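Undergrad: got a sequence here, can you model it:
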Amino acid sequence: MERMLKPLILKKSTLAALSLLGLAMAGCNSNSAGGGTAGGASTVGASGADLDTTTTVATVGNENISRGEIYSFLEANAGEAALRQLIDIHLVMQEAKSKGIDIAPKDLDAEVARRAEGSPTLTGLVKNGGARLDSYKRQLSYQMALDQLLTRDVKADPKAVDAWLASPDPADPSKRAKTRARYDKPAQVKVGILLSSQKTRADLMASQLKSNAKTFQQLVDEQKKAKDAVAQGSTANTSDAGAAGAPGGYLPVAQLPPSMQAALQKLQVNQTTPVLTLQPAGGHSPGVFGIVQLLDRKDEVKSSASDPTVIMDYKLTQVAEKVVKQSSAKTTLAQALQQVIQGLTQQGMQSGNMTPPTYRQAIDYLNQTQVQALLSKLRTGDTSKVAIADKQYSTLETAYKPAPTLPPINTGAPAGGAPAAGSAPAAGSAPAEGGAPSGAPAASGAPAGSAAPAASAAAGGAANKSTP
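TA: This is a model prediction of the structure:
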């Protein structure tokens, strides 16, 4: 089916709205389509004619900062990067539609919810809603469409997916874990907890709760003000800001003290345990006594070959495995994945991000050359019709012009025995630009043995297909 794309005409306010996701994101996308000024900065700015100049966002002294002023500033600093991102989104979504790929709202909402489970930042974004959430969902919808386009020809037979789940996890250096362990969801609980280093104090609180003399929240407030350092760790809800625990406030049951696990098994939601000895006093360590209130419980969920996330990870893994096999380096998918994960982890630590990369992020890194090839085809294909209406952005036009038709290449070997133009490189030679070297794609990738991928490479596919 021939794909016809309507010329893209985008308002300045649309560009600025995308930039609200952050200048950092726009900077990561600065090389996504070529052209533009260094670092993604633009030399243009909004006229303000179509921007909101009446809504005050902040006040400094007796001067107001309007939403329109923010938009104008963002466009001036990241307009070209935002425009490239928006054009790519339109190109990918139109291509997906022409291939019968539709990202249903319920599927998009389910993916947002899944990702929010492991991200306090995204949980807050979902809770607050508004333009930032809308922009995130648009970006995520684009990523999901790009994934489906990239894996259109990959079959996901349930037996093959189940066998993959039962195989050793390629991202696990120890080779002991199974792939399915990554998708199994352990039993979790959300709780409130009263703590004290004194058994007598813990007994008194238990008595006050039983007689309804004080509420759980009142006792938490008292403990937080106590001079007892142990007591100050009390919380009415493990999802409260600053409370220890998993994202969303849910704690894996298997990681709780055995006495707490046993007591929680007997509780219904909103019931409390008796006083528990969480740590006996000994030596220079004080005892830790607690009363736990069960607020919510999530039962264990085993991975399934019918899970959409499992299926997409399986398909993307097949693409990555093909990339590795076609590279000139003699490496396995497991070796490539582990090298990428190590590099991204070290880079994250250097930037203060202690969260390890996800499996999907590592796979996306390996697949970034395929993503770039797909985007390049959409940007410059014969049927691509991208029109830059605002001449202030005319520097981007060359990035979206169809590639010129070249005359036929003489594939005969020239005198001297040198390989013909377009022929395969000699065995063991360096891969072509964009090819996959040892353990990672060549484009901006980290060479084997390097401490961490370069900043531009870490964005890699994320510049066009990031995974939150």
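Undergrad: what sits against residue 264?
TA: Residue 264 makes contacts with 189, 191, 253, 256, 273, 292, 294, 297, as judged by Cβ atoms under 8 Å, 6 or more residues apart in numbering. Every C-beta, even on glycine, is put in place using the N, C-alpha and C of the backbone.
Undergrad: could you give the average pLDDT over the helix or strand harbouring residue 139?
TA: For residue 139, the element it lies in under DSSP states H and E is helix 130-150. Helix 130-150 carries an average pLDDT of 94.
Undergrad: picking up where we left off before, ranking by neighbours, what's the top pick from the contacts of residue 264?
TA: residue 191 (27 neighbours; other Cβ atoms under 10 Å).
Undergrad: how close does that residue get to residue 223?
TA: Distance from residue 191 to residue 223, counting by Cβ to Cβ, to the nearest Å: 15 Å.
Undergrad: what's the first helix or strand after the helix holding residue 139?
TA: Next along from helix 130-150, by DSSP H and E: helix 158-166.
Undergrad: tell me where the stretch 151-300 of the chain has helices.
TA: Using DSSP state H, counting those that start in this stretch, the helices of the stretch 151-300 of the chain run over 158-166, 199-210, 216-225, 258-265.
Undergrad: just the stretch 301-450 of the chain next, same as before
TA: Using DSSP H, counting those that start in this stretch, helices in the stretch 301-450 of the chain cover 308-326, 333-350, 359-366, 368-380.
Undergrad: where is the longest helix in this structure?
TA: helix 67-98 (DSSP state H).
Undergrad: tell me what that one is packed against?
TA: Where contact means 3 or more Cβ pairs under 8 Å, 6 or more residues apart in numbering; DSSP states H and E, helix 67-98 is packed against helix 12-19, helix 23-28, helix 130-150, helix 368-380.
Undergrad: mind checking which of these is nearest residue 73?
TA: Of all the helices and strands packed on helix 67-98, it is helix 12-19 that lies closest to residue 73, at 8.5 Å by Cβ to Cβ.
Undergrad: could I get the average pLDDT for the closest one?
TA: pLDDT averaged over helix 12-19 gives 45.
Undergrad: re the thing from before, which parts of the longest helix of the chain are buried?
TA: 67-96 (16 or more other Cβ atoms under 10 Å).
Undergrad: chain center to it: distance?
TA: In terms of Cα atoms, centre = their mean, to the nearest Å, the centre of helix 67-98 is found 19 Å from the chain centre.
Undergrad: tell me what angle that helix forms with helix 368-380.
TA: Interaxial angle of helix 67-98 relative to helix 368-380 (axes from the mean of the first three to the mean of the last three Cα atoms, to 10 degrees): 100 degrees.
Undergrad: what's the first helix or strand after helix 67-98?
TA: Trace forward from helix 67-98 with DSSP H and E and the next one is helix 105-116.
Undergrad: elements contacting that next one?
TA: The helices and strands touching helix 105-116, judged by 3+ Cβ pairs under 8 Å, 6+ apart, are helix 120-128, helix 130-150, helix 308-326.
Undergrad: next, format the ones you listed as JSON lines and append mean neighbour count and distance to residue 354.
TA: Below are those laid out as JSON lines (neighbours: other Cβ atoms under 10 Å; distance: least, Cβ to Cβ, whole Å):
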{"stretch": "helix 120-128", "mean neighbour count": "14", "distance to residue 354": "13"}
{"stretch": "helix 130-150", "mean neighbour count": "18", "distance to residue 354": "22"}
{"stretch": "helix 308-326", "mean neighbour count": "19", "distance to residue 354": "24"}
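Undergrad: nearest to residue 284, out of those helices?
TA: That would be helix 120-128 among those, by Cβ to Cβ, at 34.1 Å.
Undergrad: report the angle between the closest one and helix 105-116.
TA: Using the same axes, to 10 degrees: helix 120-128 against helix 105-116 is 140 degrees.
Undergrad: how far does helix 120-128 sit from the chain's center?
TA: 13 Å.
Undergrad: just stretch 100-109 next, same as before
TA: With Cα atoms, centre = their mean, you get 18 Å for stretch 100-109.
Undergrad: quick one: buried residues of it?
TA: Quick answer for stretch 100-109 (16+ other Cβ under 10 Å): 101, 103.
Undergrad: can I get that stretch in PDB, CA atoms only?
TA: Taking Å, rounded to 0.1, in the frame of the first residue of the first chain, the C-alpha atoms of stretch 100-109 are listed here in PDB:
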ATOM      1  CA  GLY A 100      -3.000  -1.400  10.300                       C
ATOM      2  CA  ILE A 101      -1.200  -0.700  13.600                       C
ATOM      3  CA  ASP A 102      -3.400   1.100  16.200                       C
ATOM      4  CA  ILE A 103      -2.400   2.100  19.700                       C
ATOM      5  CA  ALA A 104      -5.700   1.800  21.500                       C
ATOM      6  CA  PRO A 105      -6.200   4.200  24.500                       C
ATOM      7  CA  LYS A 106      -6.800   1.200  26.800                       C
ATOM      8  CA  ASP A 107      -3.400  -0.300  25.800                       C
ATOM      9  CA  LEU A 108      -1.700   3.100  26.200                       C
ATOM     10  CA  ASP A 109      -3.200   3.600  29.700                       C
END
